[in-house]
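>>> Give me the fold of what follows.
(chains A and B)
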Amino acid sequence: MTTELTRRLVVFTCFLVTAVTLIPVVMMVIVAFQSDAESMAATPSFWPTSWHPENLERAFDLVPLGQYLLNTVIFAGGTTLLETATAALAAYAFARLEFRGRGVLFGIYLATLMIPTQVTLIPQFVLVAKLQGIDTWAGMIIPHAFTALGVFLLRQFFLGIPRDYEEAARIDGANRWQAFTRIILPLAVPAIATLAVFKFIGQWNNLLWPLVISNTDATRTIPVGLQAFQDTHGTQWNLLLMAATVTTVPLIVIFFLTQRWFVRGITMSGFGGR
Amino acid sequence: MAVQTVPRTTTPPGPPPPRRRRRDGQARAAWLFLLPSFIGFAVFTAGPVLAAGVISLLDWNLFSPPTFAGLDNFWRLGDDPTFWSALVNTGYFTLASVPLTIAVSLALALLLNRGLRRIAVFRSLLLLPYATITVAVAFVWIWLYIPTGGLVNAVLGLVGIDGPAWLISDTWAMPALILMSVWKGFGFGMVVFLAGLQAIPQQLYEAARVDGASPWQSFRSVTIPMLSPSFFFVIVTSIIGSFQVFDQALIMTNGGPGTGTTTLVMYIYRTGFENYEQGYAAAQSLVLFAFIAVITGIQFLLQRRLVHYDN
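Next comes the predicted model:
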């Protein structure tokens, strides 16, 4: 009796909390379909008197949204690929191979986790500017493709893979590279996927670095592009929020498709309290 | 696949390879594996940190040659009211948003951990804010905060409260940013806490019940200590994150009214890329770094005393 009542209370609370939480997202979509007059009225209305799907086309006409989306995929995808590749290699060295200075070097890597991105922002900008990298993909992607966090997460995971597997392969005649690519990497797919999702979401969201490095529509990403939207076109709420909706949807889809990895990855990395 | 075909027990031990040569080979392999990350790390992280130290001693606008300024940039921080205001604002933001985010994350994780069958649906939906683009949802929140007729004030009106002009109010602009940030960020902590809760062995609760513990007592003496690694991780990452708050403040208030919501990162950005005072911006970023380092250091010291690791 009591447990049934408790269960219902829990379900009801879950519904209520979820509904309240989703209001901003729902409002974003609703306003995106309102007419110009309605969305810009001094007193906002929450439900459109008429729906305007043509706002979608208008938003794409007003700013090069398609280009921004493509640019964001290149930026987020590029940094993610490069980061996971280099982090996996380094993590393998830190987890499995012995060399002089390993402890000290790993300590330095870890210490840099604390450094706010703003400390490196100005020197990185100066460096990229000197190398003529402003407004280029290399200039945008490469500086943001190396973080200690990736190395740290993957090393944790590699340490948990039994050494026997690799040693068996080594005895079988595999060299280190083969042991890494054929034994370790396939086993580490969940961890690598977790790192990739974290990184991809983080960079899709990144405003500061593209704001500093990208000057033209050829490299401008969505967070920067949306901001320019507001400057040049006042606050045309329906089109702005249509653009926001369009650019948020791919991220949400990716997030939902990969959520299982993401949740497992947090548990596996030990932060969940193992 | 070769792994399965070679049973380890049948492998003859073989003559031990000469020790020194083997270790040399390993070190060389290690450096080859490390090299791509190490070069990137040295050029784009370690180098820039050192460079920030050098730049902070310069008077430099990026275009004309820098001149040596000694510690002038640091002295200048002392009588720069905007810097202090940014520091206070960032502190205010952190002190309010971190505990709030943690409270909301933990409450929702506890709610979702009640063994519901359809929990995954709620978890996914509740993670949605975390999966949105900050800049995009910041625009929605401006709209929700419109003083007359905006949803927030409309709801407050229902219970007879005359809501303020949130984003242009000296008093309410910062709380408005904090509320939005908690909404945007609680999902991450929620997942971490949920993972932590699910890792707690049920026997501990049974033992507590046998000992006659009330639900509140078992929460205090089982759940909280067992969750301490999750707490530690969420607190450290939230504090570092909130010291770097930028996107929503830039979009929603642009640092205003006055300098009421100007954060440290926003001020560093303005100094470096709007006023082109790279040396001064670098000095500010190093002070921010020092704050984060001190706070993280304190947390690690506290961790030794308060965080309970199972193994």
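
>>> Burial check on the closest residue to residue B:114 other than its chain neighbours, number of neighbours?
Nearest non-adjacent residue to residue B:114, counting by C-beta to C-beta, 6 or more residues apart in numbering or on different chains: residue A:10, 4.8 Å away. For every residue, glycine as well, the C-beta is placed using N, CA and C. Using other C-beta atoms under 10 Å in any protein chain shown, the number of residues around residue A:10 comes to 17.

>>> how about the strands in chain B?
Here chain B has its strands, by DSSP state E, at B:58-59, B:67-68.

>>> The first one - which strands sit beside it in the sheet, and in what orientation?
Applying DSSP bridges, strand B:58-59 is found paired with strand B:67-68 (antiparallel).

>>> what does the strand it pairs with contact?
If you take C-beta atoms under 8 Å, 6 or more residues apart in numbering or on different chains as the criterion, strand B:67-68 is touched by B:57-60.

>>> between the residues you listed, which is nearest chain A?
Chain A has its nearest neighbour among the contacts of strand B:67-68 in residue B:60, at 8.9 Å by C-beta to the nearest C-beta.

>>> pLDDT score for the residue lying closest to that closest one once chain neighbours are set aside?
Spatially, and ignoring its direct neighbours in sequence, residue B:60 is nearest to residue B:66 (3.7 Å; C-beta to C-beta, 6+ apart). In this model, residue B:66 is scored at 89, pLDDT.

>>> Residue B:66 against residue B:59, yeah?
Yes: using C-beta atoms under 8 Å, residue B:66 is in contact with residue B:59, at 6.5 Å.

>>> Now for those two: what residues contact both?
In contact with both residue B:66 and residue B:59: residue B:279, using C-beta under 8 Å, 6+ apart.

>>> so what's residue A:258 up against?
A:193, A:197.

>>> What separation do you get for it and chain B?
Plainly put, residue A:258 is 10 Å away from chain B if you go by C-beta to the nearest C-beta, to the nearest Å.

>>> hmm, back to that, most packed of the strands of chain B?
strand B:58-59 (a mean of 18; mean count of other C-beta atoms under 10 Å in any protein chain shown).

>>> Tell me where the stretch 1-150 of chain B is predicted with low confidence.
B:1-24, B:115-117 (pLDDT under 70).

>>> how does it look with 80?
B:1-25, B:114-120 (pLDDT under 80).

>>> Could you do the stretch 201-311 of chain B as well?
B:305-311.

>>> Local confidence estimate at the residue of the stretch 51-200 of chain B found nearest chain A?
Relative to chain A, the nearest point of the stretch 51-200 of chain B is residue B:195 (3.0 Å; C-beta to the nearest C-beta). Looking at residue B:195, its pLDDT reads 83.

>>> Please apply the same query to the one 3 residues further on.
Per-residue confidence at residue B:198 stands at 83 (pLDDT).

>>> Hmm, it is touching residue B:114, no?
No: when contacts are counted by C-beta under 8 Å, residue B:198 is not listed as touching residue B:114 (11.8 Å).

>>> So which elements touch the host helix or strand of residue A:190?
Using DSSP states H and E, residue A:190 sits in helix A:189-205. Applying 3 or more C-beta pairs under 8 Å, 6 or more residues apart in numbering or on different chains; DSSP states H and E, one finds that helix A:189-205 contacts helix A:65-96, helix A:148-159, helix A:237-268.

>>> Mean pLDDT added to these, as CSV?
Formatted as CSV, the helices and strands packed on helix A:189-205 follow (pLDDT from 0 to 100):
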stretch, mean pLDDT
helix A:65-96, 94
helix A:148-159, 85
helix A:237-268, 82
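
>>> wait, doesn't the residue of the stretch 51-200 of chain B closest to chain A sit right on residue A:263?
Yes: if you go by C-beta under 8 Å, residue B:195 and residue A:263 touch, sitting 6.9 Å apart.

>>> picking that back up, could you export the helix holding residue A:190 as CSV, CA atoms only?
Output in CSV follows, covering the C-alpha atoms of helix A:189-205 (Å, rounded to 0.1, in the frame of the first residue of the first chain):
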residue,chain,number,x,y,z
VAL,A,189,36.0,1.4,-27.6
PRO,A,190,33.6,2.4,-24.8
ALA,A,191,36.2,4.6,-23.1
ILE,A,192,37.3,6.2,-26.4
ALA,A,193,33.7,6.8,-27.4
THR,A,194,33.0,8.5,-24.1
LEU,A,195,36.0,10.8,-24.6
ALA,A,196,34.9,11.5,-28.1
VAL,A,197,31.3,12.4,-27.1
PHE,A,198,32.5,14.7,-24.3
LYS,A,199,35.0,16.4,-26.6
PHE,A,200,32.5,16.7,-29.4
ILE,A,201,29.8,18.3,-27.3
GLY,A,202,32.3,20.6,-25.6
GLN,A,203,33.6,21.9,-28.9
TRP,A,204,30.2,22.1,-30.6
ASN,A,205,29.4,24.5,-27.7
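
>>> What is the subsequent helix or strand relative to that helix?
On the C-terminal side of helix A:189-205, the nearest following helix or strand under DSSP H and E is helix A:208-213.

>>> Just the C-alpha atoms of that next one, please, in CSV.
Output of helix A:208-213 as CSV, limited to C-alpha atoms (Å, rounded to 0.1, in the frame of the first residue of the first chain):
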residue,chain,number,x,y,z
LEU,A,208,35.4,31.7,-26.9
TRP,A,209,38.1,30.1,-29.2
PRO,A,210,36.2,30.4,-32.5
LEU,A,211,35.2,33.9,-31.5
VAL,A,212,38.8,34.8,-31.2
ILE,A,213,40.2,32.9,-34.2
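
>>> Correct me if wrong: residue B:169 contacts residue B:257.
Yes: at 7.2 Å, residue B:169 and residue B:257 qualify as touching, with contact defined as C-beta under 8 Å.

>>> Around residue B:131, count how many other residues there are.
21.

>>> if you skip the residues just before and after it, what's nearest to it?
Nearest to residue B:131 is residue A:255, by C-beta to C-beta, 6+ apart, at 3.7 Å.

>>> List the residues that contact that neighbour.
A:197, A:201, A:262, B:127, B:130-131.

>>> Could you single out the nearest of the residues you listed to residue B:243?
Distance to residue B:243, by C-beta to C-beta, is smallest for residue B:130 among those, at 19.0 Å.

>>> what's the burial count for the residue nearest to that closest one when sequence neighbours are not counted?
Leaving out its chain neighbours, the residue that sits closest to residue B:130 by C-beta to C-beta, 6+ apart is residue B:187, at 3.1 Å. By other C-beta under 10 Å, 24 other residues sit near residue B:187.

>>> ok, residue B:187 touching residue B:124?
No: using C-beta under 8 Å, residue B:187 is not in contact with residue B:124, being 10.0 Å away.

>>> hang on, residue A:161 packs against residue A:188?
Yes: counting by C-beta under 8 Å, residue A:161 does reach residue A:188; the two are 7.1 Å apart.

>>> higher neighbour count, the two?
residue A:188 (21 against 16).

>>> For that one, give me its contacts.
Per C-beta under 8 Å, 6+ apart, neighbours of residue A:188: A:88, A:154, A:157-158, A:161.

>>> picking that back up, I'd like the helices and strands packed on helix A:189-205 laid out as TSV, including distance to residue B:30.
Output for the helices and strands packed on helix A:189-205, formatted as TSV (distance: least, C-beta to C-beta, whole Å):
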stretch	distance to residue B:30
helix A:65-96	4
helix A:148-159	13
helix A:237-268	25
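
>>> which stretch among these comes nearest residue B:218?
Comparing the helices and strands packed on helix A:189-205 under C-beta to C-beta, the one sitting nearest is helix A:237-268, at 22.5 Å.

>>> What parts of the stretch 151-300 of chain B come near chain A?
By the rule C-beta under 8 Å from any C-beta of the partner chain, the part of the stretch 151-300 of chain B lying against chain A is B:151, B:154, B:183, B:191-192, B:194-196, B:198-200, B:226-230, B:233, B:240, B:243-244, B:246-247, B:250-251, B:264-265, B:268-269, B:272-273, B:278, B:281-282, B:285-286, B:288-289, B:292-293, B:296.

>>> any idea how far residue A:179 is from residue A:130?
According to C-beta to C-beta, to the nearest Å, residue A:130 and residue A:179 sit 40 Å apart.

>>> More neighbours: the two, which one.
Taking other C-beta under 10 Å, residue A:130 and residue A:179 do not tie; residue A:179 has more neighbours (20 against 9).
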